[in-house]
Structure formats: C-alpha cells, structure tokens
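Peer 1: Any chance you could fold what I've pasted below:
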Amino acid sequence: MIVHPVKQLDFLGVEKRRRELSAEGDPLEVLERVIPWESFRRGLDAALGRDKVTTGRPPFDVVKMLKILVLQHLYNLSDFQTSYQLRDRLSWQRFIGIELGETVPDEKTVWAFRERLIEVDAIEETFYWFNRHLREEGFEAKSGTLIDATIIETPIRRATDTGTTAQEQAQRDDDAAWTKKNDVSYFGYKNHAAVDAGYKLIRSYDVTDASVHDSQCSEFLIDTPNLSPDTYADSAYRSQENEVVCALAGKVSKIHYRAYRGKPLHPELERRNNERSKTRVRVEHVFGAQKNNQNMRLIRTIGLARARAKIGLSNLVYNMRRFAYLVTAPPNPAPATA
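Peer 2: Reported below is the predicted structural model:
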C-alpha cells in the first residue's frame, strides 16, 4: 500500500499534537477513560428504534452523538457552535472518536438527535442507566439524602403592543412560569433534586415550572434509595405531610425546623438547624457547579419537554464529571451527619 507523503505527514503531525494534549492534561481523556460509553449503546439503540433498522443510509453512531451532547453541556454551546468546534478542535475529535476526513455532524443533525431523544423520553432513562453504573462501581448512596430545588430562568418574551405575530408566538414559552424568592421575581423552571450527601451525586430529579412549590415534589425525592435513612431539606419542606412521607419511606427526617410569625424558634431547634446545615449545604455545591460550569442559570429552550431535556442532560453531565473526579482524586471522607 502506497501512502501519500503529505497525508502521512498530516497523520504524524496529528499524532504529535495529540500526545502534546495528553501531556498537558486533556480533561476529556479522563471522561473518555472512566465513563462506560459503550454501555449506553444498547439502550439508546432500542429507545430510538435503531436496533430494527436494516436498510437505508446508516445514521450517525448513537454513542458518538451522546458524547457530542455531553460536550455541548460541558462548554455551554449552541448547536452551531458545537458543530463548528467539533470540526475545529482536535481534542474534541479524539474524544468523540472522529478521524481525519470523517464526516462531522452538522448543527441540524445535533438538533435532530436531541429532539428524537426528547420524543422517546430517552434522556431521563440515560440518566438512570448511568446511576446504575455508579452503584455497580461502588458509589452507592449511603450518607443521607439532600433534597432541594433551584430556579433556572428562561428569557421573557412578550408580545408587541401591536399584536402577537406567528414568529413571536413561536418564541414564547407558555410552559414556564413566575415565582418569587427573597422578594425577587424569576421566570422559568425548577430543577428538583435528591443528592447523596457523601458523594454529592444526583440520585433522582424532577423538572417543573418555577411556580411549583419545592415541597410538591418531595414525596418522590424522599423515596430515593439511600443506605442512610437521614433526609435533609430546608424549612420550605417542613410539613406534617412530609414527616409522614419520611416515616412511611423508612427515612429519618432531618428537615429544618420552621419559625412562624410571632413564634420564633426555640434555641435548641436553632442549634439543630445549624448542625443540619453543615450537611445540607452540600446540595448547594451541586447546583453551584452546574450554574458555574455549565451556565445553568438560564436556558433558552421553549416548552417543558425541552426544558426537562436540557436540565436532565445537565444533571447527567454533572454526575459524569463528579464521577470522573471521584475515581481520580484522593479519598475524601464523608462529613459527619447531624
């Protein structure tokens, strides 16, 4: 076989650049190494119906497409920016598994793949597939459950004074809603999550519009499996109903006590709240990481289905990054619980 000298030089140059990237600590290499990417294939193929396709042009590989969505969330990029960077960045091409000269999915392909995942509810399934892997790798939830919700805003699009055009109507998000926190109004959605206090991994989640009170999703989150029965949440979750839910689920309520107008908390209850806060605060680390690393303060999707997909992918990507850290960082003992 005769290899063209220019092509051979290009290949050698690419390999040299890849070695340089590795020497400088390419973070994507860690994700590629520790995440069981191939384990997603069977479930994705089945969900998308690709295990039954025998004719026609083969679609892009599902595992490569999933990796593309992960990259998109890691770097908070649009579909166009994702496709462009994938053509431009050597580290991305190596992570995805795209060789020189191979076709790169364009922005329409990225959009269509994500839309198809939304249509068949595969994103949430993928999140729980990976959670099973976490347990199999020894990262069983065992230090108590932290329950909380965070607001994720979406752009406010109002009709013009002269009326609502078809384009304006298409850009309005009728599923998002208003809420108020600390006397500040927000428009968007909420990410309700149950987090393991020890590993700070998201174990289950739900997505609603922002008007839904945090406690309305608590029953599902309280029932999240954890070897420790301790369940932590702020005072917004404190209710007789949630105390009953905890008891029925075999959980020990460590939900913050609430003060009422004209009835301040007893000093002993204040002390218990302060002790519990030392553990409960770890859930804020999770939401902070998502908002700082993935810019999940605001999303530009329209409709609850797409918001669920965006937030679900953010939760999955967070868990992947956290898992990569846990398996490569020195052991860190779980905090004492209150």
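
Peer 1: Mind checking what helix or strand follows the lowest-mean-pLDDT helix or strand in the chain in sequence?
Peer 2: Lowest mean confidence among the helices and strands of the chain (mean pLDDT, DSSP states H and E): helix 5-23, at a mean of 55. Remark: after helix 5-23, the chain's next helix or strand is helix 27-34, criterion DSSP states H and E.

Peer 1: How about residues contacting that next one?
Peer 2: By Cβ atoms under 8 Å, 6 or more residues apart in numbering, the list of residues contacting helix 27-34 from outside reads 21-22, 70-71, 91-92, 94-95, 320-321, 323-324, 327-328. All C-beta spots, glycine's among them, are computed from the backbone N, C-alpha and C.

Peer 1: One more pass at 7 Å, please.
Peer 2: 22, 91, 95, 320, 323-324, 327-328 (Cβ atoms under 7 Å, 6 or more residues apart in numbering).

Peer 1: pLDDT below threshold where in the protein?
Peer 2: Applying pLDDT under 70 to the chain flags the ranges 1-25, 51-58, 158-170, 330-338.

Peer 1: Which segments of it make up each domain?
Peer 2: The record, using automatic domain parsing to delimit domains, assigns the chain the ranges 5-120, 139-157+172-328.

Peer 1: And the ones you listed: which comes nearest Trp129?
Peer 2: domain 5-120 (5.6 Å; Cβ to Cβ).

Peer 1: so how far is the closest one off the chain centroid?
Peer 2: Relative to its parent chain, domain 5-120 has a centroid offset of 19 Å by Cα atoms, centre = their mean, to the nearest Å.

Peer 1: Over to stretch 116-135?
Peer 2: 11 Å.

Peer 1: Which residues does the lengthiest strand in the chain contact?
Peer 2: When the chain is scanned for its longest strand (criterion: DSSP state E), the result is strand 184-196. Residues outside strand 184-196 that contact it (Cβ under 7 Å, 6+ apart): 141, 143, 145-154, 156, 176, 178-179, 201-210, 212, 214, 217, 221, 224, 226, 283, 286, 307, 311.

Peer 1: From those residues, list just the buried residues.
Peer 2: In terms of neighbour count (16 or more other Cβ atoms under 10 Å), the buried residues within these are 141, 143, 145-152, 154, 176, 179, 201-210, 212, 214, 217, 221, 224, 226, 283, 286, 307, 311.

Peer 1: What are the boundaries of the helices in this structure?
Peer 2: For the chain, applying DSSP state H gives helices covering 5-23, 27-34, 41-48, 62-75, 79-88, 90-96, 107-119, 122-136, 166-171, 218-222, 240-248, 267-280, 282-293, 304-328.

Peer 1: Save the ones you listed as CSV, and put in distance to Val184 too.
Peer 2: As requested, these are exported to CSV (distance: least, Cβ to Cβ, whole Å):
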stretch, distance to Val184
helix 5-23, 43
helix 27-34, 35
helix 41-48, 39
helix 62-75, 27
helix 79-88, 30
helix 90-96, 38
helix 107-119, 31
helix 122-136, 30
helix 166-171, 24
helix 218-222, 23
helix 240-248, 26
helix 267-280, 22
helix 282-293, 16
helix 304-328, 20
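
Peer 1: Asp230 is nearest to which of those helices?
Peer 2: That would be helix 267-280 among the helices of the chain, by Cβ to Cβ, at 8.0 Å.

Peer 1: Pull out the buried positions in the closest one.
Peer 2: 272-273, 276, 279-280.

Peer 1: now the angle between strand 184-196 and it, please.
Peer 2: Here helix 267-280 runs at 70 degrees with respect to strand 184-196, directions being taken by axes from the mean of the first three to the mean of the last three Cα atoms, to 10 degrees.

Peer 1: Off-centre distance for helix 267-280?
Peer 2: Averaged C-alpha coordinates place helix 267-280 at 29 Å from its chain's average position (Cα atoms, centre = their mean).
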